[in-house]
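Engineer: got a sequence here, can you build the structure:
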Amino acid sequence: MTTTTLAVLVPLLPFLGSVAGLLLGRTAPGFVRPLAVLPTLAAAVLAVLVAARQGGGKPIVAATELTPTGSVPIDLALYIDGFAALVAVLVGVVATCVQIYSTGYLRDDPRYPSYAALVSLFTSAMLLVVYSGDLMVLLVGWEIMGICSYFLVGHYWETPEARAASLKAFLVTKLGDVPFLIGLFALATDAGTFRITGVLGTVASGGLDHPTLIALLLLAGVAGKSAQFPLHTWLPDAMAGPTPVSALIHAATMVAAGIYFTARLLPVFAASAAAMTVLAVMAAITMVGSALAALAQDDIKRVLAYSTIGQLGYMAGALAVGDRGAAVFHLISHGAFKALLFLAAGTVIHAAGTNSLTAMSRMSGLAKRIPDAYWTMTVALLALAAIPPFAGFFSKDAVLVAAEHTALGDRSVAPAGAGWTVLVAGLLTALLTAAYALRLWLRTFRGRGAEAPDHGRQPIAMTTVLWVLAIPSLGFGLAVTYLDDWFDGHPLTPTVTTAVLGTGLAVAGAVITYAVWRTLAARTAVVRPPAPHVAHPDADAGLVEAEALHLPHPAEDPADPGRALLGPLYAPAADGFHLDAVYRAAFVRPVLAAASLVRFLDREVVDTYVRAAGNSAQGLGWLVRRAQTGNVQTYLSALLAGSVVLVIAAVALANAVAGA
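Structural biologist: Next up is the predicted model:
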């Protein structure tokens, strides 16, 4: 079988599995789980084969005209270089792990068939984005992911949080997609084609007429899809969906799409120094702001959500200094340990038996009860904090090295100011990342909240996946030295300067956080309240309210090191620096006010004229009806009177004409 055929099957198999799952979900429920897991697993295996055949060498290119347009053609095209081959493997592996994990996590969920089918469709759409060689076909996968995220985030639609989160995710990402679509059309107009190879060829020859405008329009879509400032606010709220969905969105789909798109078309952005500077500033604000916000969150999933935003900021920062190899390296490394973090967090939630215990201030006794999640989450947090030799150390250091080279003028792809911006923000974020990673570990596994009832051993499907993902979280960074050909051919090994600075700051952040936690724990030692008796609900069902535990409100938790570390920044950071309030004041309220005005004009002005027209016709009809008496003598009298009036009027008119 040819490599092109294998590549076509990679996104096609999950799509067919999704269709079959939707059709057979109710009539043949026994086929639901095999249809969820097997096509995705087969796609992952085929993606590995495609990557092995591609080998980091010459890109695999194939195309056929999809439809004649009369102007700019649209092709069903493949373009598989080293980046695409590796990212497709990431998507396939993570999606397979999520599907297997979900068979245990959502085993009693009545809507599991539709959930599994949507996850497969989500996976297929991302794989289409990764392999597509035509921007219009890429846009199809881009938009399908948006609608899939809407349904999956709103899976628990009975809760107002899930409904609001799904709507917010859809609207915020669409806010970025509108200029993104305009940018794609402008790019195709300048290049004369939607084919990625044609676009890159036009850029290389200097044929783009409006590079800055196009790049900035495209960046709006990237910011929305990859949760970059200022369009990042949807991602923390999206935690209202099932935890495996969060793992899929944060690790391998949706948010990864924007970074991957920018890496694929990096020469378009690099053609404008202004666009690269904007990208660098956006990445720096995203990194630092999200790390501060993560340090103030009490919900374990929101900490991880802000963590994802910050790590995406690292990737955007690498792109801003012109190093797509470092960006994709961190994208793949982050995908492994972030999927592990979310699925381990899901095991924590599953062990608690209720979604209410996502608050770290209410957790206790979990290290011994769920040792698989404890050890694997420890590995993932070490990778997140970029502690050597874990994968995050190598990929994050590659970003810092790229920023250092640009700042010192060793690379001319981006302005030196962009390099300094990314380097300083990246180092500061390394300090903050280690701080909130250790804070999460301490409060989750060493906390003193009310211990929930023990619901027994976790399903083997869940614990097995955790250990599978722990392998790349630990070893992928060490293996990257053998993958240089996949990353533009240049090595991504650490340098002494950035390794010492980055690791030193991470260790400092962890040590300070631990010291503060020990001090606060000693001051606030209390007797743990007894656990309430709770029947075992379905995972993520949210049947137990947090207030039932009678614990301090998270904002008032005296043992939280985040409060001591952030000081006056704690409250605004916990609320995401009030960006939602700003958006409500700047956009939501004006739109609602305009809608109220339109409703008033429609009801009081337009409807008034409509009602008046109707009432006039009704009144005229009433008069005519009153005149219809049925008396022939009355009709003849009226006819005679009318004739007399007409005669008099005619005589008067004739006299007037004669006199003139």
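
Engineer: from here on, contacts and neighbour counts on C-alpha atoms
Structural biologist: Fine.

Engineer: middle-most residue in the chain, spatially?
Structural biologist: With distances taken as CA atoms, centre = their mean, V255 lies nearest the centre of the chain, 4.3 Å away.

Engineer: where in the stretch 301-450 of the chain is pLDDT low?
Structural biologist: 352-357, 448-450 (pLDDT under 70).

Engineer: going by residue numbers, what spans are strands in it?
Structural biologist: In the stretch 301-450 of the chain, no segments count as strands under DSSP state E, counting those that start in this stretch.

Engineer: what's the average pLDDT for the helix or strand containing V624?
Structural biologist: V624 belongs to helix 607-627 when assigned by DSSP states H and E. Mean pLDDT, helix 607-627: 81.

Engineer: can you give the distance of it from its chain's centre?
Structural biologist: In terms of CA atoms, centre = their mean, to the nearest Å, the centre of helix 607-627 is set 57 Å apart from its chain centre.

Engineer: the closest residue to the residue nearest to the centre of the chain other than its chain neighbours and G141, how far apart?
Structural biologist: Counting by CA to CA, 6 or more residues apart in numbering, V255 lies nearest to S226, which is 3.9 Å off, once chain neighbours are set aside. Separation of S226 from G141 (CA to CA, to the nearest Å): 15 Å.

Engineer: pick out whichever of these two has more residues nearby.
Structural biologist: More crowded of S226 and G141, by other CA atoms under 10 Å: S226, with 28 against 23.

Engineer: contacts only, for the more buried one.
Structural biologist: Contact partners of S226, counting by CA atoms under 8 Å, 6 or more residues apart in numbering, are 232, 254-259, 309, 312.

Engineer: quick one, phi/psi of it?
Structural biologist: Dihedral angles phi and psi of S226 (degrees, to the nearest 10) take the values phi -100, psi 20.

Engineer: what's the answer for the one 5 residues further on, then?
Structural biologist: In terms of degrees, to the nearest 10, the main-chain angles of L231 are phi -100, psi 30.

Engineer: most neighbours, which of the contacts of S226?
Structural biologist: I309 (29 neighbours).

Engineer: surely it is in contact with G289?
Structural biologist: No. Contact criterion CA atoms under 8 Å: I309 and G289 do not qualify, at 9.3 Å.

Engineer: mind listing what the residue nearest to the centre of the chain touches?
Structural biologist: Here V255 is in contact with 225-227, 249, 312 (CA under 8 Å, 6+ apart).

Engineer: can you map out the strands along this protein?
Structural biologist: 60-67, 74-80 (DSSP state E).

Engineer: kindly reformat the ones you listed as JSON lines containing distance to G502 and mean neighbour count.
Structural biologist: Shown next, in JSON lines, are the strands of the chain (distance: least, CA to CA, whole Å; neighbours: other CA atoms under 10 Å):
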{"stretch": "strand 60-67", "distance to G502": "37", "mean neighbour count": "13"}
{"stretch": "strand 74-80", "distance to G502": "33", "mean neighbour count": "22"}
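
Engineer: can you lay out these as a markdown table showing distance to H334 and mean pLDDT?
Structural biologist: Putting the strands of the chain into a markdown table (distance: least, CA to CA, whole Å; pLDDT from 0 to 100) gives the following:
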| stretch | distance to H334 | mean pLDDT |
| --- | --- | --- |
| strand 60-67 | 26 | 84 |
| strand 74-80 | 21 | 90 |
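
Engineer: and those strands: which comes nearest P11?
Structural biologist: Closest approach to P11 among the strands of the chain is made by strand 74-80 (11.5 Å; CA to CA).

Engineer: what residues does the closest one touch?
Structural biologist: 4, 54, 59-68, 131-134, 136-137, 193-196.

Engineer: got it, and stretch 107-116?
Structural biologist: Stretch 107-116 is contacted by residues 18, 21-22, 25-26, 29, 32-33, 36, 99, 106, 152, 155, 538 when judged by CA under 8 Å, 6+ apart.

Engineer: quick one on the thing from earlier: output the contacting helices and strands for the helix holding V624.
Structural biologist: If you count contacts as 3 or more CA pairs under 8 Å, 6 or more residues apart in numbering; DSSP states H and E, helix 607-627 packs onto no helix or strand.

Engineer: A44 is in contact with V87, isn't it?
Structural biologist: No. Between A44 and V87 there is no contact under CA under 8 Å: 10.8 Å.

Engineer: which parts of the stretch 401-550 of the chain are helices?
Structural biologist: Shown for the stretch 401-550 of the chain, the helices assigned by DSSP state H, counting those that start in this stretch span residues 416-445, 460-479, 496-523.

Engineer: may I see those helices organised as a markdown table, with distance to A351 and mean neighbour count added?
Structural biologist: Shown next, in a markdown table, are these (distance: least, CA to CA, whole Å; neighbours: other CA under 10 Å):
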| stretch | distance to A351 | mean neighbour count |
| --- | --- | --- |
| helix 416-445 | 12 | 24 |
| helix 460-479 | 11 | 20 |
| helix 496-523 | 25 | 17 |
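
Engineer: and those helices: which comes nearest I648?
Structural biologist: helix 416-445 (94.2 Å).

Engineer: run the angle between the closest one and helix 496-523 for me.
Structural biologist: 30 degrees (axes from the mean of the first three to the mean of the last three CA atoms, to 10 degrees).

Engineer: thinking again about what came up before, would you turn the helices of the stretch 401-550 of the chain into TSV with distance to M377?
Structural biologist: Listed next are these as TSV, based on distance: least, CA to CA, whole Å:
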stretch	distance to M377
helix 416-445	8
helix 460-479	8
helix 496-523	16
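
Engineer: minimum distance to A593: which of these has it?
Structural biologist: So among the helices of the stretch 401-550 of the chain, helix 416-445 is nearest, using CA to CA, at 39.0 Å.

Engineer: burial count for the closest residue to S124 other than its chain neighbours?
Structural biologist: Spatial nearest neighbour of S124, excluding adjacent residues (CA to CA, 6+ apart): P11 at 4.6 Å. Residues contacting P11 under the criterion other CA under 10 Å number 29.

Engineer: let the chain start at 434 from now.
Structural biologist: Sure, I'll start numbering at 434, so the last one becomes P444.

Engineer: local confidence estimate at P444?
Structural biologist: With respect to pLDDT, P444 scores 96.

Engineer: again, but for S547
Structural biologist: 93.

Engineer: over to V949?
Structural biologist: The model's pLDDT for V949 equals 94.

Engineer: ok, now which ones touch it?
Structural biologist: 994, 997-998.

Engineer: so which of those comes closest to L841?
Structural biologist: Nearest to L841 among the contacts of V949, counting by CA to CA, is L998 at 32.6 Å.

Engineer: of the helices of the stretch 834-983 of the chain, which is nearest H767?
Structural biologist: helix 893-912 (8.2 Å).

Engineer: just to revisit the earlier point, which one, of the helices of the stretch 834-983 of the chain, ends up nearest to L737?
Structural biologist: Of those, nearest to L737 by CA to CA is helix 849-878, at 9.0 Å.

Engineer: how near is V632 to G722?
Structural biologist: As defined by CA to CA, V632 lies at a distance of 34 Å from G722.

Engineer: and V736, by the same measure?
Structural biologist: From V736 across to G722, the span is 13 Å (CA to CA).

Engineer: need the contact list for the closest residue to P677 other than its chain neighbours.
Structural biologist: Nearest residue to P677, sequence neighbours excluded (CA to CA, 6+ apart): V531, at 5.8 Å. Residues near V531 by CA under 8 Å, 6+ apart: 677-678, 680-681.

Engineer: try F1010
Structural biologist: A726 are the contacts of F1010 under CA under 8 Å, 6+ apart.

Engineer: now A813
Structural biologist: A813 neighbours (CA under 8 Å, 6+ apart): 770-771, 773-774, 903, 906-907.
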